[in-house]
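**Q** One predicted model, sequence on top.
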Amino acid sequence: GFQADRKKELLLALLDNLLLADGSAKYVGVALLSVFLFSWNHGKGFDGEASMLSVVYSQLHRWNEMATPTLQQVFQMVIHDFPFHFAEYARKEKMANLMLNRLLRILDKWAK
């Protein structure tokens, strides 16, 4: 539907913008992408429904109440699970070839 198409457009725009990123903007861009993919995968972590991220996702509305160190730890877990969330979303939305191609272009550019 419309919402799924909007997510795909946003994802592809973020990937395209990562091609232009350098310095700390790379980290911020990947972190932002990680949070979106985590949310779009409904908080499922790489270790399934028993993951800490799954528990945290169910309390998403309370993130603003978390202590800063706790929120930082959660954020680091979200970034750590980026490969899982990327692959899971790509598979679910049948965009694996497109997303992987864009990611490989980004990694190739960053490696130079």
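**A** Received the coordinates, thanks. Numbers count the residues shown, from 1 in each chain.
**Q** contacts and neighbour counts: CA atoms only from here.
**A** Will do.
**Q** list the contacts for the residue at minimal distance from the centre of the chain?
**A** Nearest residue to the geometric centre of the chain (CA atoms, centre = their mean): Ser34, 2.0 Å. Applying CA atoms under 8 Å, 6 or more residues apart in numbering to Ser34 gives the contacts 78-79, 81-82, 85-86.
**Q** Show me the residues you listed that map onto strands.
**A** When strands are assigned by DSSP state E, not one member of the contacts of Ser34 lies inside them.
**Q** got any ranges where this structure has weak pLDDT?
**A** 44-62 (pLDDT under 70).
**Q** re the thing from before, mind putting the contacts of Ser34 in CSV, distance to Met66 included?
**A** Shown next, in CSV, are the contacts of Ser34 (distance: CA to CA, whole Å):
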residue, distance to Met66
Val78, 15
Ile79, 18
Asp81, 20
Phe82, 22
His85, 23
Phe86, 26
